[in-house]
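For reference, the sequence and a predicted model appear below.
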Amino acid sequence: DAGVIQSPRHEVTEMGQEVTLRCKPISGHDYLFWYRQTMMRGLELLIYFNNNVPIDDSGMPEDRFSAKMPNASFSTLKIQPSEPRDSAVYFCASSFVKEKLFFGSGTQLSVL
Amino acid sequence: GQQLNQSPQSMFIQEGEDVSMNCTSSSIFNTWLWYKQDPGEGPVLLIALYKAGELTSNGRLTAQFGITRKDSFLNISASIPSDVGIYFCAGQGGNTPLVFGKGTRLSVIA
């Protein structure tokens, strides 16, 4: 298996622009997680899905953030409009059991 | 919410030395896990612990689930340069998702 695939690896955008991050989980995994990593706050859980249904989105910072999982093999995290404080590494992870997460390589987002 | 205190924040050690890091929680956890993150990559699972008192090894790595269920530690024996990275503890209690510590950044001097 190719593992969790995220795209793009790097994204540089200007404040106010819409950003879409993409994730393909490992086939057969029922759970999908979106995390954000910064030096100050470490790894923060933004939202997770079980069987394509959002279970807990309490970590989503504000209404500018939204996530979807239209099918078992694809998820998106969208930020609209983006702000400089959104700059971080965003990780997608998937798992068969809730605690054994497999992470993607992340998307390094820079909002200027 | 649940919080994990991971220490130390960073370590500089000589190649061949043993390393110890730990994690404590204000809450009881049912599962403790240790992950390692290499530069530019996502964290990778090293060891999972499911029972209080459990001691598990993975090569030169040994981790223990504390008896109180509020702590865990990770030891690395005879460190080598490729051990460099950030080590994260993570805990799960009940039906909640994983909570991650802030990480221990390990540097190994050859």
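Thanks, I have the structure now.

Around the residue of chain B found nearest chain A, count how many other residues there are.
Relative to chain A, the nearest point of chain B is B:Gly42 (2.9 Å; Cβ to the nearest Cβ). No exception for glycine: its C-beta is placed from N, CA and C like everyone else's. The number of residues packed near B:Gly42 is 23, by other Cβ atoms under 10 Å in any protein chain shown.

Let me know the pLDDT of the spatially most central residue of chain A.
What sits nearest the mean C-alpha location of chain A, by Cα atoms, centre = their mean, is A:Trp34, with 3.4 Å. On pLDDT, A:Trp34 comes in at 98.

Check the contact between it and A:Tyr90; I expect there is one.
Yes - A:Trp34 is within contact range of A:Tyr90, at 6.8 Å (criterion: Cβ atoms under 8 Å).

which residues are common contacts for the two?
A:Leu77 (Cβ atoms under 8 Å, 6 or more residues apart in numbering or on different chains).

before we move on, back to that, how about the contacts made by the residue nearest to the centre of chain A?
A:Cys23, A:Leu45, A:Leu46, A:Ile47, A:Tyr48, A:Ala67, A:Ser75, A:Leu77, A:Tyr90, A:Phe91, A:Cys92.

give me the low-pLDDT residue ranges for the chain?
The chain I'm using is chain A. A:1 (pLDDT under 70).

That was the other one, I meant chain B.
In chain B, residues with pLDDT under 70: B:1-2.

try 90
Residue ranges of chain B with pLDDT under 90: B:1-3, B:93-98, B:110.

Near chain A, which residues of it are found?
B:31, B:33, B:40-45, B:48, B:88, B:90, B:92, B:97-98, B:100-103 (Cβ under 8 Å from any Cβ of the partner chain).

and residue 34, bridged to which residues?
Let's take chain A. Counting by DSSP bridges, A:Trp34 forms beta bridges with A:Ile47, A:Cys92.

wrong one, I was asking about chain B
Beta-bridge pairing for B:Trp34 (DSSP bridges): B:Ile47, B:Cys89.

ok, now which ones touch it?
B:Leu45, B:Leu46, B:Ile47, B:Leu61, B:Ala63, B:Ser72, B:Leu74, B:Tyr87, B:Phe88, B:Cys89, B:Ala90.

at 10 Å instead, please
Shown in contact with B:Trp34 (Cβ atoms under 10 Å, 6 or more residues apart in numbering or on different chains): B:21, B:23, B:43, B:45-49, B:56, B:58, B:61, B:63, B:72-74, B:87-90, B:101.

Am I right that A:Phe49 is in a helix?
No - with DSSP: H, G, I helix; E, B strand; the rest coil as the criterion, A:Phe49 is located in strand rather than a helix.
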